[in-house]
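1. Predicted model, plus sequence, below.
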Amino acid sequence: MKEKFTMLVAEDSETDLALLEHAVSTIGEKVDLQIAHDGDEVVSYLLGHAQFADRERHPLPDLIVLDLKMPKLGGLGVLRWLQTRPACAHIPKIILSGSSVEKDVEAKQPD
């Protein structure tokens, strides 16, 4: 059994990230919070490339939390990429957004 729950969070806003980190710290459980600042870093993390190659320090996540709008590759783009990776299909994914733009609110996960 795993000692820690690993959550991969993709967030480009330091303020939103600080809020999420605070919320996780109040849970009372051991959560290994792994941070990516854009969708490209999420892809690198999941592939174990570059600075994420050490799976002891950067284990595959139990949950992926994505910001909808990020530089380079946004949350929906990451979901599209994940659809091409059957090995990641079992990992739950959540998209967060503070957007009030109607088309963002209504955006659907790709089929």
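-> Alright, I've got the coordinates.
2. drop to CA atoms for contacts and neighbour counts, all remaining ones
-> Will do.
3. now the strands: where do they sit in the protein?
-> 5-10, 31-36, 63-67, 93-96 (DSSP state E).
4. And the first one, what does it pack against?
-> In this structure, strand 5-10 packs against strand 31-36, helix 39-47, strand 63-67, with contacts taken as 3 or more C-alpha pairs under 8 Å, 6 or more residues apart in numbering; DSSP states H and E.
5. ok, and what's touching the longest one?
-> Which is helix 39-47. 8, 10, 36, 50, 52-53, 58, 60, 70-75, 77-78 (C-alpha atoms under 8 Å, 6 or more residues apart in numbering).
6. Buried residues, it. List them.
-> The neighbour-count check on helix 39-47 (16 or more other C-alpha atoms under 10 Å) flags Gly39, Asp40, Glu41, Val42, Val43, Tyr45, Leu46 as buried.
7. any idea how far the second one is from Lys4?
-> Looking back up the chat, that one is Asp40. Between Asp40 and Lys4 the computed distance is 25 Å (C-alpha to C-alpha, to the nearest Å).
8. now the first one
-> The gap separating Gly39 from Lys4 is 24 Å, by C-alpha to C-alpha.
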